[in-house]
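Participant: Only the shape, not the letters, is given here:
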């Protein structure tokens, strides 16, 4: 029988081994002010009944929550809201490119296996980890439990989403022996080197090193395989293009309202403009003919002294499933290309 890797890796992770089994024999009655709230107690009742959890154990876990205003503040000023010329340098800089090239060389053999299996270019997998956590150097400073609970109960605009993720975190703790408390992540509760939310962790994470566990903190094989699997499950097309630069006709540039209505900022490919529709409007898209029904995403990238237009193709849309910001996806794609060139140098 495989011994739990989290027991062996706890020192590396710097995490307290407050594991959540199906029933916590040492659970004490919750006594914090937070767990006396009616909405919190109702949440505990609901997820316990729905998932076969022990309600007292859930409340004991929630009693460890420290609600933090800084988490709410971070949610209200995401980096993706910056204009492109300010956002791009955060990720497209010499250190991130150089570190990515080193990372790619170090894991070249395994990345080649993944690229063959999944069809996702190695440099894209590396760029995701580079953008998310600087290749694992910064997995976040917030306790995931605090982040999810704060947003689930103190951030009404997205409370339903984060309550679902908090529920998923309890289930992940049970299934994977992930410590419920002291796990570090982002202000939104994303975890590990690839910054998976709990639901994504449960659904898409892969045991790449075949040790019986899915460890997205210290197993690089698990991390890279999980990102590749995530991309394929969201529709990545092997060998297909990602973006193409385009020139817009004066008829569009002189109609700001019409142009703005066409711009896709990464949210939804169903509200799409097809390649044929772009061409009918006079947009010259350098893609071979015969793909007129191909869904596209027209994007404006604001540089300091100009605006450049790019068309995202279905594989670009897949990157936005990782983070819905078109700026994010563009940064990943540009970083990927820079890493590939540097790694070959």
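Facilitator: In hand now; what should we look at? What you see is a predicted model, and the numbers here were worked out from it, not measured in a lab.

Participant: Can you show me the helices along the stretch 151-300 of the chain?
Facilitator: Along the stretch 151-300 of the chain, counting by DSSP state H, counting those that start in this stretch, helices occupy 159-176, 198-204, 220-233, 250-253, 256-262, 275-280.

Participant: among these, which gets the worst mean confidence?
Facilitator: Of all these, the minimum mean pLDDT falls on helix 256-262 (a mean of 83).

Participant: If you count neighbours, what's buried in whichever strand or helix holds residue 337?
Facilitator: Assigned by DSSP states H and E, residue 337 belongs to helix 326-344. Residues 326-340, 342-343 are the ones in helix 326-344 that count as buried (16 or more other Cβ atoms under 10 Å). (Glycine included, C-beta is placed from N, CA and C.)

Participant: Can you name every helix or strand that that helix contacts?
Facilitator: Other elements packing on helix 326-344 under the criterion 3 or more Cβ pairs under 8 Å, 6 or more residues apart in numbering; DSSP states H and E are helix 84-91, helix 94-106, helix 122-133, strand 295-302, strand 307-312, helix 314-320.

Participant: domains in the protein, as residue ranges please.
Facilitator: 21-74+141-214, 243-344 (automatic domain parsing).

Participant: right, so those: which one is the most enclosed?
Facilitator: Most buried of the domains of the chain, by mean neighbour count (mean count of other Cβ atoms under 10 Å): domain 21-74+141-214, with a mean of 18.

Participant: Relative to the whole chain's centre, how far out is it?
Facilitator: Distance of domain 21-74+141-214 from the chain centroid (Cα atoms, centre = their mean, to the nearest Å) equals 17 Å.

Participant: So which residues make contact with the helix holding residue 337?
Facilitator: When contacts are defined by Cβ atoms under 8 Å, 6 or more residues apart in numbering, helix 326-344 is touched by residues 80, 82, 84, 87-88, 90-92, 96-98, 100-101, 104-105, 121-124, 126-128, 130-131, 242-243, 264-266, 297, 299, 301, 310, 312, 316, 319-320, 322-323.

Participant: any idea what sits nearest residue 228, other than its immediate chain neighbours?
Facilitator: Closest residue to residue 228 apart from its sequence neighbours, by Cβ to Cβ, 6 or more residues apart in numbering: residue 118 at 4.0 Å.
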